[in-house]
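*Asks:* Give me the fold of what follows.
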Amino acid sequence: MKWFILFTALVLNAVANILIKAGMARPDVPGGLIEALKTKWLSLPVISGVLCFGLALAAYSITLKKMPLSIAYPIMTTGGLFIISAVSVIYFKETITTVQMVGLALLVGGIWLVAR
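*Replies:* Sure, this is the predicted structure:
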């Protein structure tokens with residue numbers, strides 16, 4: 001059960017980052033900086049992202065009661081990095097270099113060692 005809760009926290013955290021990126025990437029509206037920020041901050045993607053962050057925090061807090069931080073944190077951050085990297089390439093059309101791919105592969109090995 002602790003692994004399921006950690007996975008839930010991981011996914012919610014990644015989704016929160018993706019939603020906030022999507023909301024803030026929307027075109028600016030006329031009227032200056034304050035109007036543009038208000039329009040973006042009050043958009044559905046940004047508000048949903050903040051809600052996902054809150055839910056991720058709740059799930060992660062439960063996880064930390066049942067699992068050592070030295071295991072949960074690396075899995076949480078690296079797993080989120082993989083999800084965000086994949087979505088960034090597919091949805092946001094960002095590029096990942098060969099060096100970054102090697103780094104992601106090394107992280108997999110590190111997480112495997114930490115989780116053992």
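
*Asks:* Please, which helix or strand holds the one residue sitting closest to the centre of the chain?
*Replies:* What sits nearest the mean C-alpha location of the chain, by C-alpha atoms, centre = their mean, is Ala14, with 2.2 Å. If you go by DSSP states H and E, Ala14 is part of helix 2-24.

*Asks:* ok, the residue nearest to the centre of the chain - contacts?
*Replies:* 79-80, 83-84, 87 (C-beta atoms under 8 Å, 6 or more residues apart in numbering). In this view, the C-beta of every residue, glycine as well, is placed from N, C-alpha and C.

*Asks:* any idea which of these is closest to Trp112?
*Replies:* Set against Trp112, the nearest of those by C-beta to C-beta is Gly79 (12.3 Å).

*Asks:* wait, doesn't that closest one sit right on Leu10?
*Replies:* Yes. Counting by C-beta atoms under 8 Å, Gly79 does reach Leu10; the two are 4.4 Å apart.

*Asks:* which of these two has more neighbours?
*Replies:* Leu10 (24 against 19; other C-beta atoms under 10 Å).

*Asks:* Surely that one and Thr78 touch.
*Replies:* No. Applying C-beta under 8 Å, one finds Leu10 not in contact with Thr78, separated by 9.1 Å.

*Asks:* what angle do the lowest-mean-pLDDT helix or strand in the chain and helix 2-24 make?
*Replies:* Here the helix or strand of the chain ranked lowest by mean pLDDT, DSSP states H and E is helix 33-41, holding a mean of 77. Orientation note: helix 33-41 sits at an angle of 140 degrees relative to helix 2-24 (axes from the mean of the first three to the mean of the last three C-alpha atoms, to 10 degrees).
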